[in-house]
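Student: below is the sequence, then the predicted model.
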There are 2 protein chains.
Amino acid sequence: MTKPQLEEAGRAPSRRERVREATLAEIKSIARRHLVGQGASGVSLRAIAREMGMTAPGLYRYVSGIDSLLVLITADMFDELGAAVAAADASVPARDTDRRILTSLRAFRRWALEHPAEFAAMFGPRTRLEPGADPGPAVEAARRFGATFFTLFEQLIREERFELPDGRAVGADLERELRAFARMCGFGDEDTPVEAVMVLTSCWVRLYGVVCMEIFQHLDFVMRDMEPLFESELQNVLTGLGVRYESPQSSSTVTMGKSE
Amino acid sequence: MTKPQLEEAGRAPSRRERVREATLAEIKSIARRHLVGQGASGVSLRAIAREMGMTAPGLYRYVSGIDSLLVLITADMFDELGAAVAAADASVPARDTDRRILTSLRAFRRWALEHPAEFAAMFGPRTRLEPGADPGPAVEAARRFGATFFTLFEQLIREERFELPDGRAVGADLERELRAFARMCGFGDEDTPVEAVMVLTSCWVRLYGVVCMEIFQHLDFVMRDMEPLFESELQNVLTGLGVRYESPQSSSTVTMGKSE
DNA sequence: ACGCTTTAGTGAACGCCGTTAACAGACACG
DNA sequence: CGTGTCTGTTAACGGCGTTCACTAAAGCGT
């Protein structure tokens, strides 16, 4: 009792565990910095170890390899993105569903803009990581990230804001896919119509597409500021959902009035 | 005159030039195969050289480094994608604009599905390639790829298939961006309304988003076959453009009738 | 306080990579 | 034939991930 034993998980962390966790945090922090500075391919165990004043093999006490390190920090980044979106959501009165949605979606894009390297690692193609690797922690974090939007969308359904598209257009196989999706992500329940899941996915894909294009810089040689396009697409999507759209009152660099 | 001097460009290729070109083609071919097999990070000069029965430094006679090699094959892939789309377009009677559009867009997705690794390298984030490198040939090829769609879209405008959105929603800065985009890609002319360019971009982003999600496998754990979602989005987009939509008569694995 | 076990970290090594420099042979052409 | 260009080699440098054998320290039971 006096001093913590390791015994079961969850009890007070022993000194050893604390310093170990701190070291792991330092590893991830440096890796993150390198990721931001030089892209995912610029993250190397040797460089991290060098910067920490130790040798590369020592890192294997904390991480099973560079792939799993990347998965770890990806999970962290999803948590961070999720927290940013949730914070934006919470900064709006809970009753004002419309503005909560607007704010959350803008927060998503804003975070992506401010963290392009992270976004690319999170949402880009699985460039490193051969199919064998287990991205478990990352997808779990990604699911947590989606939760905010699911909650808001469920509210829209409850309020019957928009009319569902013709259900006959949804084939049997698509229906199965959509049901599986909803179940796995904890979105809706048994009574949620598949058409609603369909609409959610479609909306998400549209906004995701704009942000991807922006961050991956496909239209870079062609369009410097994609905010107007994003706002336009946002307006279309939200209007289609029966959600009130309001244009941002300030340019992209300003902090949008509301503090916090 | 009798025998070709190098002199100017364009004359009959000397023997030396022919074998040189063949070697370069072999390099790109092997690189491409490695890209497909193991992703962009799996392409290495040493491995290519080994497979060709020579040593790595020799490749520097043909390529200025691995980055530029990747740019080269990326350009090739864009040309290939462009050719696939153009071929699909040409397989439909020239008068039937609606079906030409439908077919071309499906050909785009189909190519992406059949060449996921290539697609990731072409449309994914610039993972390798630090900002200094010049992706010139690649973007040029990308522009050629877009030409097919531009032509078809111009036809829609000419036929006034859809009504343009409210132009007042387009801000001055967005207008400038869109104009620059159209000029750089050779889309439309001076009289083409910016709203039209806006619509084109929006449509492209929506379909791009679906295909990206599909190829990058973001919804993989959630949705196996994204064809229904793509078709649904395609239907929405085309209907909004006043284009006749027809559901594909066959499943995704069948070759769709037309040979070639 | 002692000894034992677990843990953190090192050093050497293997094989991979991109890239450069100095050099050797083949070919083309006067 | 001689000369120069082009193609390719060897050697080397530095960086990478990863494994293995090993040391040193920390923790813990007695």
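Tutor: Happy to help now that I have it.
Student: the helices in the stretch 1-150 of chain A, which residues?
Tutor: A:15-38, A:45-52, A:56-59, A:66-90, A:97-114, A:116-123, A:136-158 (DSSP state H, counting those that start in this stretch).
Student: show me what the fifth one is packed against.
Tutor: Okay, so that is helix A:97-114. Applying 3 or more CB pairs under 8 Å, 6 or more residues apart in numbering or on different chains; DSSP states H and E, we find helix A:97-114 packed against helix A:66-90, helix A:136-158, helix A:194-216, helix A:227-240. In this view, the C-beta of every residue, glycine as well, is placed from N, C-alpha and C.
Student: quick one, what contacts the closest residue to residue A:74 other than its chain neighbours?
Tutor: Nearest residue to residue A:74, sequence neighbours excluded (CB to CB, 6 or more residues apart in numbering or on different chains): residue A:138, at 4.4 Å. By CB atoms under 8 Å, 6 or more residues apart in numbering or on different chains, the contact set of residue A:138 is A:71, A:74, A:75, A:78, A:122.
Student: which pLDDT does the model give the fourth one?
Tutor: Turning to residue A:78, the model gives it a pLDDT of 94.
Student: neighbours of it, how many?
Tutor: By the criterion of other CB atoms under 10 Å in any protein chain shown, residue A:78 has 23 neighbours.
Student: do you know how far it is from residue A:149?
Tutor: 13 Å (CB to CB, to the nearest Å).
Student: want to throw the helices and strands packed on helix A:97-114 into TSV with distance to residue B:181?
Tutor: Formatted as TSV, the helices and strands packed on helix A:97-114 follow (distance: least, CB to CB, whole Å):
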stretch	distance to residue B:181
helix A:66-90	29
helix A:136-158	30
helix A:194-216	12
helix A:227-240	10
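Student: deepest-packed of the ones you listed, please.
Tutor: Mean neighbours per residue, mean count of other CB atoms under 10 Å in any protein chain shown, is largest over the helices and strands packed on helix A:97-114 for helix A:194-216, with a mean of 22.
Student: with just CA atoms, put that one into PDB.
Tutor: Below are the C-alpha coordinates for helix A:194-216, written out as PDB (Å, rounded to 0.1, in the frame of the first residue of the first chain):
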ATOM      1  CA  VAL A 194     -30.300   3.300 -44.600                       C
ATOM      2  CA  GLU A 195     -31.100   6.300 -46.800                       C
ATOM      3  CA  ALA A 196     -30.000   8.500 -43.900                       C
ATOM      4  CA  VAL A 197     -26.700   6.600 -43.700                       C
ATOM      5  CA  MET A 198     -26.400   7.100 -47.400                       C
ATOM      6  CA  VAL A 199     -26.900  10.800 -47.100                       C
ATOM      7  CA  LEU A 200     -24.300  11.100 -44.300                       C
ATOM      8  CA  THR A 201     -21.700   9.200 -46.200                       C
ATOM      9  CA  SER A 202     -22.300  11.300 -49.300                       C
ATOM     10  CA  CYS A 203     -22.100  14.600 -47.500                       C
ATOM     11  CA  TRP A 204     -18.900  13.500 -45.800                       C
ATOM     12  CA  VAL A 205     -17.300  12.400 -49.000                       C
ATOM     13  CA  ARG A 206     -18.100  15.700 -50.600                       C
ATOM     14  CA  LEU A 207     -16.500  17.800 -47.900                       C
ATOM     15  CA  TYR A 208     -13.600  15.300 -47.500                       C
ATOM     16  CA  GLY A 209     -12.900  15.700 -51.200                       C
ATOM     17  CA  VAL A 210     -12.500  19.400 -51.100                       C
ATOM     18  CA  VAL A 211     -10.200  19.300 -48.100                       C
ATOM     19  CA  CYS A 212      -8.200  16.500 -49.600                       C
ATOM     20  CA  MET A 213      -7.700  18.400 -52.800                       C
ATOM     21  CA  GLU A 214      -6.700  21.500 -50.800                       C
ATOM     22  CA  ILE A 215      -4.200  19.800 -48.500                       C
ATOM     23  CA  PHE A 216      -2.700  17.500 -51.200                       C
END
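Student: packing partners of it?
Tutor: Other elements packing on helix A:194-216 under the criterion 3+ CB pairs under 8 Å, 6+ apart are helix A:97-114, helix A:116-123, helix A:136-158, helix A:172-185, helix A:227-240, helix B:194-216, helix B:227-240.
Student: in which helix or strand would I find the nearest residue to residue A:154 once chain neighbours are set aside?
Tutor: Leaving aside its chain neighbours, residue A:154 sits nearest to residue A:188 (6.2 Å; criterion: CB to CB, 6+ apart). Residue A:188 belongs to no helix or strand when elements are defined using DSSP states H and E.
Student: tell me how many other residues crowd residue A:13.
Tutor: Neighbours of residue A:13 (other CB under 10 Å): 13.
Student: isn't it right next to residue A:21, touching?
Tutor: Yes: applying CB atoms under 8 Å as the test, residue A:13 and residue A:21 come out as touching, 7.2 Å apart.
Student: adding distance to DNA strand C, write the helices and strands packed on helix A:194-216 out as TSV.
Tutor: Listed next are the helices and strands packed on helix A:194-216 as TSV, based on distance: least, CB to the nearest atom of the strand, whole Å:
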stretch	distance to DNA strand C
helix A:97-114	30
helix A:116-123	21
helix A:136-158	20
helix A:172-185	35
helix A:227-240	35
helix B:194-216	24
helix B:227-240	35
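Student: could the ones you listed go into a markdown table alongside mean pLDDT and distance to DNA strand D?
Tutor: Output for these, formatted as a markdown table (pLDDT from 0 to 100; distance: least, CB to the nearest atom of the strand, whole Å):
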| stretch | mean pLDDT | distance to DNA strand D |
| --- | --- | --- |
| helix A:97-114 | 96 | 26 |
| helix A:116-123 | 90 | 15 |
| helix A:136-158 | 87 | 17 |
| helix A:172-185 | 78 | 29 |
| helix A:227-240 | 87 | 35 |
| helix B:194-216 | 85 | 22 |
| helix B:227-240 | 87 | 35 |
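Student: let's have the ones you listed in a markdown table, adding distance to residue A:60.
Tutor: Below are those laid out as a markdown table (distance: least, CB to CB, whole Å):
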| stretch | distance to residue A:60 |
| --- | --- |
| helix A:97-114 | 32 |
| helix A:116-123 | 22 |
| helix A:136-158 | 18 |
| helix A:172-185 | 33 |
| helix A:227-240 | 43 |
| helix B:194-216 | 30 |
| helix B:227-240 | 42 |
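Student: nearest to residue A:244, of the helices of the stretch 1-150 of chain A?
Tutor: Closest to residue A:244 of the helices of the stretch 1-150 of chain A is helix A:97-114 (CB to CB; 4.2 Å).
Student: tell me how far residue A:65 lies from residue A:43.
Tutor: Residue A:65 is 12 Å from residue A:43, by CB to CB.
Student: neighbour-wise, which of those two wins?
Tutor: More neighbours surround residue A:43 than the other of residue A:65 and residue A:43, with 23 against 12 (other CB under 10 Å).
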